[in-house]
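*Asks:* Below is the sequence, then the predicted model.
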Amino acid sequence: MKRFFKAVAAAAMILSIFIFSAVAYGISTLPDDIAVTESGDTALGTVFSVKDNGDAQPALKGEGKSRYESKITALKIFPVKDITVTVTKRRFVAPGGDAFGIKLYTKGVIVVGVDSVTTPDGSADPALQAGIKCGDIITHIGGKAALSSQQLTDAVEQSEGKKLKLKVERNGETLELELRPVRSVNGGYKAGIWVRDSSAGIGTITFYDDSASMFAGLGHGVCDVDTGKIMPLNNGEAVRARVNGFYKSSAGNPGELCGVFSDSVIGGLRVNHDMGVYGTLLQPSGAKTVPVALESEVQLGKAQMITTIDESGPQYYDIEIVKIYPSSDLSARNMIIKVTDPELLEKTGGIVQGMSGSPIIQNSMLVGAVTHVFISEPEQGYAVFAQRMIETMDSVAAEELPLAS
C-alpha cells in the first residue's frame, strides 16, 4: 500500500511540475492576440487551447473582422493568460514561386558615403560640415523635390560655391541643412557625397491575389547594400525574369540565382516594406488558389517550398519547419526552416540568394515565405508568416483606396 501511495504522490508531483511548466511557458511565449477563422478553428498544439466563449459579444466590429476577450488554457482546464481573439474570414491566394525582377526607384536620394574633397587649398569636408550622415535621405534640393542623383550632381556643379538648402530625412525626422560645395582640383564643384537613387535585383513571387489585383514577393524589404536600411520607394516595376543558373551555397558562402530580366512587366511596385515588396497586377494570374494559414495554424514538421532554380520554372521541394517564434515578434523572421530535399541540396546546397519570397506550403495551405539564408548553414534560413504578408498587403490596399476614389 505504501508503494501505491508513493507512486501516486510521485505521479502527482510530475503532473504538477508539467502543469506549472506548461503554464509558465504559455505565459512567456504565447501571444496576447490570436486570430481564428469564422468557423472558430485555431491550433495551439495539444496542450493549449482557446477557451470556448461562444456567448461573448464582439467588443469591436470592423470590416470582415470582430474581436472579443477570451482565455488560453492548458489541458482545457488550467488558465494561462487573457487574450484578444480576432475572428476573420479565411483568405485564399495563388502561390507564386516564379522568379521576378525588381526595378526600384527611391523617394529622394540616399547618402551611402561621405568623403573629403581635394581642393587647391587642401582637403575639405563640405558634407560633414553641413551635418550630412551616411544613411540620410535627401528629399529636397533648393526647395525642389530630389528625384534623382543626377539632380543633386547638377545642383552642386551649378552652385558656384553658394549654399544649397537641403531637406533630409533621418530616422523618421526631417532636418533642414545647408551644404556649401567646394571647388575641387579638377575645377568643378563637389559636395563629398556618394548617393544612390535606384536598385535592381531578382527575387521570388510569394503569392498573387487576383481579387485585389495585387501581388507580394521577397518576404523582406529591399535594403540599400551600403547602409542596410529599407530603400524608400517612389515607384518601380516588377518584371518577369528567366533563371538560367545559380551559384551553389556552401558554409560561409551563400550562393545566388543567376538570371536576366525580360520585357514582360507583371505590375507596378507600390510598397517596399519590412514584410516584402507589394504591387499591383497588370493582369490576373489565373492560378489555382489555396487557403492562407493563420499564425496559430503553422506547425513544426514537414512542409514544402515552391521556388525556381532553372528554366523549368517553379518546383516543389521538401523542407522542415524546425522552429516557430512567438507571434509577438514583429520581424520577418517568424520561423526557421531547413531544406531536406536531396535534389535541391545536391544542386544548390540549400537556400541561395534570390529564393527570398519562395512560398511555403503545409497541410495544403500557404503558411509563409522564405526570407533569409544562414550563411554558416545554407540548408537553413528564416521565413515569415503568410498571415503577416496578407495583413501588410491589406494595409497597402486600404491606403490606396482613397487615392483611387
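*Replies:* That came through fine. Please read all numbers here as calculations on a predicted model, not as lab measurements. Residues are numbered from 1 along each chain as shown.

*Asks:* Flag the shaky bits of this protein, pLDDT-wise.
*Replies:* Residues of the chain that meet the criterion pLDDT under 70 lie in 1-12, 15-16, 18-72, 74-78, 80-88, 326-331, 400-405.

*Asks:* any idea how it splits into domains?
*Replies:* Structural domains assigned to the chain are 18-88, 116-191, 201-404, following automatic domain parsing.

*Asks:* Just say which of those domains is most tucked in.
*Replies:* When you average the neighbours per residue for each of the domains of the chain (mean count of other Cβ atoms under 10 Å), domain 201-404 leads with a mean of 19. From N, CA and C alone the C-beta is placed, and that goes for glycine too.

*Asks:* picking that back up, for G101, which of the domains of the chain is the nearest?
*Replies:* Between G101 and the domains of the chain, the shortest gap by Cβ to Cβ is with domain 201-404, which sits at 4.0 Å.

*Asks:* and the closest one, how far from the chain's centre?
*Replies:* 8 Å (Cα atoms, centre = their mean, to the nearest Å).

*Asks:* Could you look up the SS state of M13?
*Replies:* Reduced to three states with DSSP: H, G, I helix; E, B strand; the rest coil, the structure at M13 is helix.

*Asks:* Find the nearest non-adjacent residue to E178, please.
*Replies:* Counting by Cβ to Cβ, 6 or more residues apart in numbering, the nearest residue to E178 once its immediate chain neighbours are dropped is K163, at 4.7 Å.

*Asks:* if we can go back for a sec, of the domains of the chain, which is nearest T106?
*Replies:* Here domain 201-404 is closest among the domains of the chain (Cβ to Cβ), at 5.3 Å.

*Asks:* Restrict stretch 345-353 to CA atoms and write it as CSV.
*Replies:* Output in CSV follows, covering the C-alpha atoms of stretch 345-353 (Å, rounded to 0.1, in the frame of the first residue of the first chain):
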residue,chain,number,x,y,z
LEU,A,345,20.6,20.1,-51.5
GLU,A,346,22.7,18.5,-54.2
LYS,A,347,22.1,21.2,-56.8
THR,A,348,22.1,24.5,-54.8
GLY,A,349,23.4,23.4,-51.3
GLY,A,350,20.1,24.6,-49.8
ILE,A,351,18.9,28.2,-49.9
VAL,A,352,20.5,30.7,-52.2
GLN,A,353,20.0,34.5,-52.7
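
*Asks:* Touching that stretch from outside, list them.
*Replies:* For stretch 345-353, the surrounding residues in contact (Cβ atoms under 8 Å, 6 or more residues apart in numbering) are 246-250, 254-257, 309, 339, 344, 370, 373-374, 377-381.

*Asks:* Keep only those of those residues that are in strands.
*Replies:* With strands taken from DSSP state E, the overlap with the contacts of stretch 345-353 comprises 246-247, 256-257, 339, 370, 373, 380-381.

*Asks:* Tell me which of the domains of the chain lies nearest to I102.
*Replies:* Ranking the domains of the chain by their distance to I102 (criterion: Cβ to Cβ) puts domain 201-404 first, at 5.3 Å.

*Asks:* about what we covered before: now tabulate the domains of the chain in CSV and tack on distance to F100.
*Replies:* Rendered in CSV, the data for the domains of the chain read as follows (distance: least, Cβ to Cβ, whole Å):
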stretch, distance to F100
domain 18-88, 28
domain 116-191, 24
domain 201-404, 5
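
*Asks:* For V109, find the nearest of the ones you listed.
*Replies:* Closest among these, once you apply Cβ to Cβ, is domain 116-191, at 5.0 Å.

*Asks:* now the end-to-end length of that closest one.
*Replies:* This stretch, domain 116-191, spans 8 Å end to end (Cα to Cα, to the nearest Å).

*Asks:* And for stretch 352-370?
*Replies:* Terminal residues of stretch 352-370 lie 10 Å apart, using Cα to Cα.

*Asks:* just stretch 187-200 next, same as before
*Replies:* End-to-end span of stretch 187-200 (Cα to Cα): 33 Å.

*Asks:* what sits against L166?
*Replies:* If a contact means Cβ under 8 Å, 6+ apart, then L166 has 130, 132, 138, 140-141, 176-179 as its contacts.

*Asks:* if I look at it, how far off is G192?
*Replies:* For L166, the distance to G192 (Cβ to Cβ, to the nearest Å) stands at 13 Å.

*Asks:* Same question for V292.
*Replies:* In this structure, V292 lies at 49 Å from G192, with Cβ to Cβ as the measure.

*Asks:* just V117 next, same as before
*Replies:* Counting by Cβ to Cβ, the gap from V117 to G192 is 5 Å.

*Asks:* so what sits against both of those two?
*Replies:* Shared contacts of V117 and G192 (Cβ under 8 Å, 6+ apart): 124-126, 182.

*Asks:* Just name the closest of the contacts of L166 to V225, please.
*Replies:* Using Cβ to Cβ, I138 is the member of the contacts of L166 that lies nearest V225, at 18.2 Å.

*Asks:* Thanks a lot, see you next time.
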